[in-house]
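Engineer: Okay, sequence plus prediction incoming.
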Amino acid sequence: MNVDLTEIEPVERRVDTLLRAETDEGTYLLIVESQGKPDKKKLGSWPYYLSYLYEKYSWQPVLIVVTQSSATARWAAQPIHLGVRGCPSLTVQPLVLSPDNVPLIADAQEAVRKPSLAVLSAMTHGRGRKAPAILESLATALKEVEPDTAAAFAALVDSCLADPQAKQLWRDLMTAMQYFFRHPLAEEVREQGREQGLEQGRNEGRVEDRAEMVLDLLRWRGIEVPESVRQRVEACTDLEQLKVWSQRAVQVSRASELFVAE
């Protein structure tokens, strides 16, 4: 086989979060991977991440897998052995954080006392009915943390929230905190907000145009439009409903007949 291991074509590989930790023992690179379910591809990519980072920086890389699923935690905790069975050339043993080994912190006072643990709690327990209490407690705690650190914590939690509702709640909580606006994630959140605002504006414009069309069709046909009908049409925000009424407006003999089938 070819002894040249150079990759001719670049292959995009990204970890979820990469942190550099300065400790009394030296520098570590923390690879934080958020894992929602088992993925066989990780059995190859995780060893690659570790080897690549060690080759590039000569600092010890540490693989941390964060999951909100106990079943996924058991899968991720299994060592990855590469080589001869019983005598592997490379063994990867992830450090797994999950609901099974991280305490749940949903009390603001406790979160203020233990902000780092509250961050891990949000990363591993932040879903379901308890998510609002967990995330709101952490948001309170981050107000007491040094701004740059708090912003990094906020981004780390964001990367590990798999539940769309929990992620949106977290972003809503963070956009109210001034330090967060200095973090790159804040620009992403603001851009999404701008896009949503533009789309909402376009939808509102289409609704208003369609409502006006319904009323205009009735007037053009010489049909009197009572105030009650006008108010009901203008108050409707359902574009599909307005389309139905506009189709009826070319057939009915009285304005009230727009609503006969409802």
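Structural biologist: Perfect, I can see it now. Residues are numbered from 1 along each chain as shown.

Engineer: ok, so what distance separates Ser69 from Thr124?
Structural biologist: In this view, Ser69 and Thr124 are 10 Å apart by C-beta to C-beta, to the nearest Å. In this view, the C-beta of every residue, glycine as well, is placed from N, C-alpha and C.

Engineer: let me fix that: Thr67
Structural biologist: As judged by C-beta to C-beta, Thr67 and Thr124 stand 7 Å apart.

Engineer: Mind checking which of the two has more residues around it?
Structural biologist: Relative neighbour count places Thr67 above the other of Thr67 and Thr124, with 27 against 24, counting by other C-beta atoms under 10 Å.

Engineer: tell me the contacts of that one?
Structural biologist: Remark: with contacts taken as C-beta atoms under 8 Å, 6 or more residues apart in numbering, Thr67 is in contact with 34-36, 73, 76, 96-98, 124.

Engineer: go on, Glu234?
Structural biologist: Taking C-beta under 8 Å, 6+ apart as the definition, contacts of Glu234 comprise 211, 215.

Engineer: Report the distance from the helix or strand where it lies to the chain centre.
Structural biologist: Counting by DSSP states H and E, the element that carries Glu234 is helix 227-235. What separates the centre of helix 227-235 from the centre of its chain is 39 Å, taken as C-alpha atoms, centre = their mean, to the nearest Å.

Engineer: what mean pLDDT does that helix have?
Structural biologist: This predicted structure assigns helix 227-235 an average pLDDT of 88.

Engineer: Flag every buried residue along it.
Structural biologist: 229, 232-233 (16 or more other C-beta atoms under 10 Å).

Engineer: With distance to Gln109 as new columns, can these be given to me in a markdown table?
Structural biologist: As requested, the buried residues of helix 227-235 are exported to a markdown table (distance: C-beta to C-beta, whole Å):
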| residue | distance to Gln109 |
| --- | --- |
| Val229 | 56 |
| Arg232 | 50 |
| Val233 | 52 |
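
Engineer: Please enumerate the strands of the protein.
Structural biologist: With DSSP state E applied, the chain shows strands at 17-23, 26-34, 60-66, 80-84, 87-92, 95-97, listed in chain order.

Engineer: mind checking which of those is nearest Asp172?
Structural biologist: Taking C-beta to C-beta as the criterion, Asp172 comes closest to strand 26-34 out of those, the separation being 20.0 Å.

Engineer: what lines up beside that closest one in the sheet?
Structural biologist: When sheet partners are counted by DSSP bridges, strand 26-34 sits next to strand 17-23 (antiparallel), strand 60-66 (parallel).

Engineer: Compute the inter-axis angle for the last one and strand 87-92.
Structural biologist: Using axes from the mean of the first three to the mean of the last three C-alpha atoms, to 10 degrees, the interaxial angle of strand 60-66 with respect to strand 87-92 works out to 70 degrees.

Engineer: so how far is strand 60-66 from its chain's centroid?
Structural biologist: Centroid displacement of strand 60-66 relative to its chain, using C-alpha atoms, centre = their mean, is 21 Å.

Engineer: can you pull up the bridge partners for Gly83?
Structural biologist: In this structure, Gly83 has the following beta-bridge partners (DSSP bridges): Pro88.

Engineer: what about it, neighbour count?
Structural biologist: Other residues near Gly83 number 10, with proximity taken as other C-beta under 10 Å.

Engineer: How about the one 3 residues further on?
Structural biologist: By the other C-beta under 10 Å criterion, the neighbourhood of Gly86 contains 6 residues.
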